[in-house]
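1. I need the structure of the sequence given here:
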Amino acid sequence: MRTVLQGTRVRLERLHAERHGQELFDASHGPGVDPELWRYLPYGPFAEVEEMRSWLAECSSSKDPLFFAVVDVATGQAGGMVSFLRIALEHRCIEIGHIWFGRPLQRTPQATEAIYLLARHAFDDLGNRRLEWKCNASNARSRRAAGRFGFTFEGVFRQHMIVRGANRDTAWYALLDREWPRRRAAFEAWLDPANFDAEGLQRRPLSATGILESRDPGTPTWFIDELDYAGRENLDADHVARYDVKEDASAASEVALLSDFGLTSDSLVVEFGAGTGQFSVAVAPVCAQVIAVDVSPLMLGELAGKAEALCLTNIEMVRAGFLTYEHTGSPADLIYSRYALHHLPDFWKAVAFDRLRRMICPGGIVRLWDVVYDFAPSHAEDRIEAWCATGGETVEAEWTRAELEEHVRDEYSTFTWLLEPMMRRSGFEIARAEHSDDGVFSKYLLRAV
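-> Presented below is the predicted three-dimensional model:
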């Protein structure tokens, strides 16, 4: 295994207590340091630099875990640590962990490149079949990071460890060798200097540069990649983290409504565009199973955290979309989708409705909410301008005018008089249709015939 992993922005050097000790202490202690840095680690913080240096000396002598210091190429300063551990040569399986970055490296291209260098070495140089990422199931930041880097959530080991005298449930994630070429391309596209503007801000999120893992290799080349149509914001970790503050899905009232239309404790529910899981976690206690489908790994990471916190064991999460989810087993009794279908152009909406009809039982219900325009094209300018004028100013807590304009400009909301014939043509009857007074929002209850 190499002693130095060289990147463009960082290099990973084998940990050396004397050489890296002071710099690592300065990056992780003192004014301005992230107060959450040590929360989920089994060690630290340290009272003084010599105490940390002594601990680093122990770490540097270890072969498993094998520790590296993360050195910023521009400054020459060590600002974080990473490691390989649980090195199983006979199984060609390896884990990365003990990851921490001081404030200067947090949420930077340098931090992302550090993970890329580890993954590249694990797969391309060492020939591993499986790269693992594990963290405390309560560590939301680590779980979001795993999703952003393309690791697949595999479950939670309950009461797995006792850390600092407290129980730790461990969330497991993994990336496989067959997935690595696409993930490597995504890392490299994101790290390309052309992906950053003059202020150093990313032009496109890392999650948006990948390819759906669920996509069948035999898919025709003319078939769209749903991840490309997911919507910029759904692949943005900051947006995902604040989504529930911005958008209330009225999940409890939706469950009550659907109970009047046949939802029972025996129902199989499939939700498309599950997002952060507001509806999935609300319906799970009153049905047999929920299959939560979303193209965004970040959204599914949020949902996974909620399901674990609520001890919901009947939610299956699938990273796919309307066009790529493959339903198996018994037909669905209920399909739910809220503000997701508008990401598809109209041709693909019709294809999606046809696929929904083929996976739901006769008499089954589809509940659909979306931005669907209920006005004539001649009224479009006035209606759209009036809607955009309702946007707020603070992106953290409300939908801003800029976000509403982005929806109109970049996404694919259509007219009611185009969408409703698609529903009927695909084998659904419209049991109920509600349109907002401004002609922007629509809610449907469809029944499969």
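2. going forward, measure contacts and count neighbours with C-alpha atoms only.
-> Will do.
3. and the closest residue to Ala74 other than its chain neighbours, what is it in contact with?
-> Distances taken as CA to CA, 6 or more residues apart in numbering place Arg9 nearest to Ala74, at 7.0 Å, with adjacent residues excluded. Applying CA atoms under 8 Å, 6 or more residues apart in numbering, we find Arg9 in contact with Asp72, Val73, Ala74, Pro109, Gln110, Glu113.
4. what do you get if the cut-off is 7 Å, keeping everything else the same?
-> Listed by CA atoms under 7 Å, 6 or more residues apart in numbering, the contact partners of Arg9 are Asp72, Val73, Ala74, Gln110.
5. backbone dihedrals for the third one, both of them.
-> Read it as Ala74. With angles defined as degrees, to the nearest 10, Ala74 sits at phi -70, psi -40.
6. please renumber so the chain begins at 2
-> With the count now opening at 2, the last piece we talked about shows up as Ala75.
7. the most centrally placed residue in the chain and Phe188, how far apart?
-> With distances taken as CA atoms, centre = their mean, Leu299 lies nearest the centre of the chain, 1.1 Å away. Taking CA to CA, to the nearest Å as the measure, Leu299 and Phe188 are separated by 16 Å.
8. same question for Lys350.
-> Taking CA to CA, one finds Lys350 at 31 Å from Phe188.
9. do Ala449 as well
-> For Ala449, the distance to Phe188 - CA to CA - is 43 Å.
10. what segments of the stretch 302-450 of the chain are strands?
-> 316-320, 333-339, 361-372, 429-436, 442-449 (DSSP state E, counting those that start in this stretch).
11. what packs against the longest one?
-> When contacts are defined as 3 or more CA pairs under 7 Å, 6 or more residues apart in numbering; DSSP states H and E, strand 361-372 sits against strand 333-339, strand 442-449.
12. ok, and what's touching that strand?
-> With CA under 7 Å, 6+ apart, strand 361-372 has contacts from 332-340, 343, 414, 441-450.
13. let's see it at 8 Å
-> Against strand 361-372 from outside (CA under 8 Å, 6+ apart): 262-263, 332-343, 414-415, 441-450.
14. likewise for the shortest one?
-> Contacts made with strand 316-320 from outside it, assessed by CA under 8 Å, 6+ apart, are listed as 213-215, 281-282, 285, 290-298, 301, 305, 308, 326.
15. buried subset of these as a ChimeraX selection?
-> Per 16 or more other CA atoms under 10 Å, the buried members of the contacts of strand 316-320 correspond to this ChimeraX selection:
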select :213,214,281,282,285,290,291,292,293,294,295,296,297,298,301,305,308,326
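16. so who does Ile88 touch?
-> By CA under 8 Å, 6+ apart, Ile88 lies in contact with Asp65, Cys94, Ile95, Glu96.
17. the residue nearest to the first one when sequence neighbours are not counted pairs with what?
-> This points to Asp65. Among residues not flanking Asp65 along the chain, Leu86 sits closest, at 5.1 Å (CA to CA, 6+ apart). Counting by DSSP bridges, Leu86 is bridged to Glu96.
18. what is the neighbour count of Leu86?
-> 19 (other CA atoms under 10 Å).
19. for Phe354, same thing?
-> 21.
20. doesn't Met424 make contact with it?
-> Yes. With contacts counted by CA atoms under 8 Å, Phe354 reaches Met424, the gap being 6.4 Å.
21. how far away is the residue located most distally from the centre of the chain from Glu19?
-> Ranked by distance from the centre of the chain (CA atoms, centre = their mean), the top residue is Glu51, with 39.6 Å. Distance, Glu51 to Glu19, by CA to CA: 10 Å.
22. hang on, isn't Val282 packed against Ala308?
-> Yes. Applying CA under 8 Å, one finds Val282 in contact with Ala308, separated by 6.5 Å.
23. domains of the chain?
-> 5-209, 238-449 (automatic domain parsing).
24. dump those to TSV, plus distance to Pro221.
-> Output for the domains of the chain, formatted as TSV (distance: least, CA to CA, whole Å):
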stretch	distance to Pro221
domain 5-209	18
domain 238-449	12
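25. now mean pLDDT and distance to Trp223 too, for those, in TSV please.
-> Below are those laid out as TSV (pLDDT from 0 to 100; distance: least, CA to CA, whole Å):
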stretch	mean pLDDT	distance to Trp223
domain 5-209	93	19
domain 238-449	94	12
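26. which one of these lies nearest to Glu227?
-> domain 238-449 (6.5 Å; CA to CA).
27. how distant is that closest one from the center of its chain?
-> 17 Å (CA atoms, centre = their mean, to the nearest Å).
28. okay, how far is it across that domain, tip to tip?
-> Where domain 238-449 begins and where it ends lie 36 Å apart, using CA to CA.
29. next one: stretch 226-241
-> Terminal residues of stretch 226-241 are spaced 21 Å apart (CA to CA).
30. can you give me the helices for the stretch 152-301 of the chain?
-> 181-192, 238-247, 252-260, 279-284, 298-310 (DSSP state H, counting those that start in this stretch).
31. what's the angle from the last one to strand 316-320?
-> The directions of helix 298-310 and strand 316-320 differ by 170 degrees, with axes from the mean of the first three to the mean of the last three CA atoms, to 10 degrees as the criterion.
32. may I have helix 298-310 as PDB, with CA atoms only?
-> Extracted C-alpha coordinates of helix 298-310, given in PDB (Å, rounded to 0.1, in the frame of the first residue of the first chain):
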ATOM      1  CA  PRO A 298     -29.300   9.300  -2.800                       C
ATOM      2  CA  LEU A 299     -29.300  12.300  -0.500                       C
ATOM      3  CA  MET A 300     -33.100  12.200  -0.200                       C
ATOM      4  CA  LEU A 301     -33.000   8.500   0.500                       C
ATOM      5  CA  GLY A 302     -30.300   9.000   3.100                       C
ATOM      6  CA  GLU A 303     -32.700  11.400   5.000                       C
ATOM      7  CA  LEU A 304     -35.500   8.900   4.700                       C
ATOM      8  CA  ALA A 305     -33.300   6.100   6.000                       C
ATOM      9  CA  GLY A 306     -32.400   8.100   9.100                       C
ATOM     10  CA  LYS A 307     -36.100   8.800   9.800                       C
ATOM     11  CA  ALA A 308     -37.100   5.200   9.300                       C
ATOM     12  CA  GLU A 309     -34.400   4.000  11.700                       C
ATOM     13  CA  ALA A 310     -35.200   6.700  14.300                       C
END
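33. need the residues that contact it.
-> For helix 298-310, contacts defined as CA under 8 Å, 6+ apart pick out 138-139, 141, 144-145, 148-149, 151, 154, 157, 208, 235-238, 241-242, 275-278, 282, 295, 314, 316, 318, 320.
34. number of nearby residues for the closest residue to Phe323 other than its chain neighbours?
-> Spatially, and ignoring its direct neighbours in sequence, Phe323 is nearest to Ala353 (5.5 Å; CA to CA, 6+ apart). Neighbours of Ala353 under the rule other CA under 10 Å: 21.
35. no more questions from me, cheers.
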